[in-house]
Every structure is written in C-alpha cells, then in structure tokens.
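Novice: Model the following, please.
(one chain, ligands or ions: 1)
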Amino acid sequence: MSAVIVCGAGGHAREILWLCEELGVQVAGFLDERPEMKGHLLEGVPVLGSWADIEALKGEAALVCAGVGDPALKRRFAAEADRAGFRIAPPLIHPRVRWSRRNAIGAGSMIFEGALLSEQIAIGEHVIINRSVTISHDGVVGDYATIAPGVTLAGNVTIEEGAYIGIGASVREKRRVGCWSVVGGGAFVKDDIPAFVMAAGVPAVVKKRFAQP
Ligand SMILES: CC(=O)SCCNC(=O)CCNC(=O)[C@H](O)C(C)(C)COP(=O)(O)OP(=O)(O)OC[C@H]1O[C@@H](n2cnc3c(N)ncnc32)[C@H](O)[C@@H]1OP(=O)(O)O
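Specialist: Okay, the predicted model is just below:
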C-alpha cells in the first residue's frame, strides 16, 4: 500500500498511526485545518496543514478520511477528498482481527485490534470498527458509521449510514439503527431506532431528535 495521510490529528488519528505501524503502512502526515497545528509533530509524524498544503502529495499518498470519530466530519472530509481528486486508502484491518473472507469492507474503513466479524458482513466506506467490537452474521454497517470500542451487534443487525454506536452498547438480532442516529454508551437496543435521533439506556429509548443535515 502507498503512504497515507490521515484526516484529523486527535487521539483517534494517533491510534490510526499505531494501526498503520502494525500493518507496515507509512503515514506521510496528518491533515488538520487549524492553522496553528501546521508543523507540529505527532509521535514524530508531521501535521501537514490544510487541503492546500497536502495538494502536492496527491500522487504519492492516499487519504484516510475516517481519522475522526464524528460521522458528519468524516463525510465532509470524504467530499473534500473527492473534490480534490485524492485516492482513498484501502481498508486498514489490524492483524489480530478475526474476519471471515466472505465479509466485505469498503475503502477508507478500518478495524482495530480484537474485533471479531463473523459471516457475510458488509461494511461500507469510511467506517470505524473500534477495538473489541463483535459483529455477528449478516450484519450491515453503512458508510461513515462509527462503532465504538466493545460494541456487540447480534445477527442480522443493520447500522445505517452515519450512525454512531457508543462504547459498550449492544444491539439485539434483526434490529436497525437509523441513519445519522447516535446510540449512547452502554445501551441495549431492543427495538429499532429511527433515523436522526439520540437513543440511550437499557433498553434504549429516544432522548433527542436531530435536524436532518
Ligand atoms: C477510543 C475512544 O475514546 S472512542 C469514544 C467512545 N465514546 C463513546 O462511545 C461516547 C458515547 N457517548 C454517550 O453515551 C453520550 O452520552 C451521548 C453522545 C449519547 C449523548 O451525549 P449528549 O447529547 O451530550 O447527551 P446529554 O448529556 O444531553 O443527555 C441527554 C439525556 O440522555 C441521557 N444519556 C446520555 N447518554 C446516556 C447513556 N450513555 N446512557 C443512558 N442515558 C444517557 C442523559 O442522562 C440525559 O437524560 P435526561 O434528559 O433524562 O436527563
């Protein structure tokens, strides 16, 4: 794989650096739109600056747009990458992920250490599957979704585009979490969660509704 540039320069971006080190993938640097961050080193790797600053690296490095956990920000990075003509990095899958070869994963997505994805699972583009997540048979995770550490998805669960599943949450079989919704940490999703809401608790209930972006 060619070198990558990671969009974002926070804690998650540094965890991607570690993932890349484990995979032998070179990180050329980080994109950060805050002018004061340009030139900083993160674990010895430079913050390159904003879009104009990385333009010249287009031919040499592919982009990791999921360098932040926020699904909406990932989508904005992906749109900018498309406009600027960048290649998207192939999926980054930690060597200690249990993963059936009958699963599919989209460009720019990543799976961290200790995750287990069983059979016939479809992961979209720019998806984060964080540490120790379990996804059972026939799961679907849409583009830009973020699955926080320790989440458990039972069989035939669908997580729609842009949804965020908080740390340690569980979703029972055949349930669906609607697009751009948030499930709070520690929740148990017993019933389908509609789109554009925040739901939390055991069992999860809708606590807030969001305006559609
Ligand atoms: C490597 C890493 O660090 S990965 C990052 C992992 N982090 C996570 O997964 C964080 C998950 N985030 C959460 O659980 C947050 O609480 C969120 C995003 C769901 C909600 O945050 P906010 O929008 O700020 O919610 P807010 O604090 O306003 O709470 C609204 C209501 O929901 C309740 N609530 C919020 N989160 C939860 C939760 N996880 N479980 C139960 N109830 C919750 C609040 O108590 C409040 O209830 P009330 O209206 O009855 O008083």
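
Novice: ok, for the residue nearest to the spatial centre of the chain, nearest residue in space, not its chain neighbours?
Specialist: Centroid-nearest residue in the chain: Ile128, 2.1 Å away (criterion: C-alpha atoms, centre = their mean). In space, and not counting its chain neighbours, Ile128 is closest to Thr146: 4.6 Å by C-beta to C-beta, 6 or more residues apart in numbering. In this view, the C-beta of every residue, glycine as well, is placed from N, C-alpha and C.

Novice: Angles on the backbone of that neighbour, please.
Specialist: Phi and psi for Thr146, reported as degrees, to the nearest 10, are phi -130, psi 130.

Novice: For the remainder of this discussion, apply numbering that starts at 18.
Specialist: From this message on, residue numbering opens at 18, which makes the last subject Thr163.

Novice: List the residues that contact the closest residue in space to Gln229 that isn't next to it in sequence.
Specialist: Leaving aside its sequence neighbours, Gln229 sits nearest to Phe213 (C-beta to C-beta, 6+ apart; 5.6 Å). By C-beta atoms under 8 Å, 6 or more residues apart in numbering, the contact list for Phe213 reads 195-198, 226-229.

Novice: And Phe213, how far from the ligand?
Specialist: When distance is defined by C-beta to the nearest ligand atom, to the nearest Å, Phe213 is 13 Å away from the ligand.

Novice: Just the pLDDT for that residue.
Specialist: Listed pLDDT for Phe213 reads 98.

Novice: quick one: contacts of stretch 80-93?
Specialist: The contact list for stretch 80-93 (C-beta under 8 Å, 6+ apart) reads 21-27, 29-30, 33, 47-48, 94-95, 98, 103-106, 109, 125-127, 143-145, 160-163, 165, 179-181, 197, 230.

Novice: Just the residues you listed: which are in helices?
Specialist: 29-30, 33, 94-95, 98 (DSSP state H).

Novice: Next, give me the two most distant ones among those.
Specialist: Using C-beta to C-beta, the two most remote members of these are His29 and Ala98, lying 17.2 Å apart.

Novice: Residues of this structure that sit close to the ligand?
Specialist: Within the chain, the positions near the ligand by C-beta under 6 Å from any ligand atom are 86, 147, 165-166, 183-184, 199, 201-204, 215, 217-218, 224.

Novice: Quick check: the farthest pair among these?
Specialist: Asn147 and Lys224 (22.5 Å).

Novice: The two: who's more crowded?
Specialist: A direct count of neighbours by other C-beta atoms under 10 Å for Asn147 and Lys224 places Asn147 higher, at 22 against 12.

Novice: tell me the SS of Ala73?
Specialist: Here Ala73 is recorded as helix under DSSP: H, G, I helix; E, B strand; the rest coil.

Novice: who wins for most neighbours among the residues of the chain next to the ligand?
Specialist: Of those, with other C-beta under 10 Å as the count, Ala204 tops at 24 neighbours.

Novice: For that one, which residues are in contact?
Specialist: Listed by C-beta under 8 Å, 6+ apart, the contact partners of Ala204 are 183, 186-187, 216-221.

Novice: Dump those to a markdown table, plus distance to Pro52 and pLDDT.
Specialist: A markdown table is the format used below for the contacts of Ala204 (distance: C-beta to C-beta, whole Å; pLDDT from 0 to 100):
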| residue | distance to Pro52 | pLDDT |
| --- | --- | --- |
| Gly183 | 32 | 98 |
| Ala186 | 37 | 99 |
| Ser187 | 42 | 98 |
| Ala216 | 38 | 98 |
| Ala217 | 36 | 98 |
| Gly218 | 41 | 98 |
| Val219 | 44 | 98 |
| Pro220 | 46 | 98 |
| Ala221 | 40 | 98 |
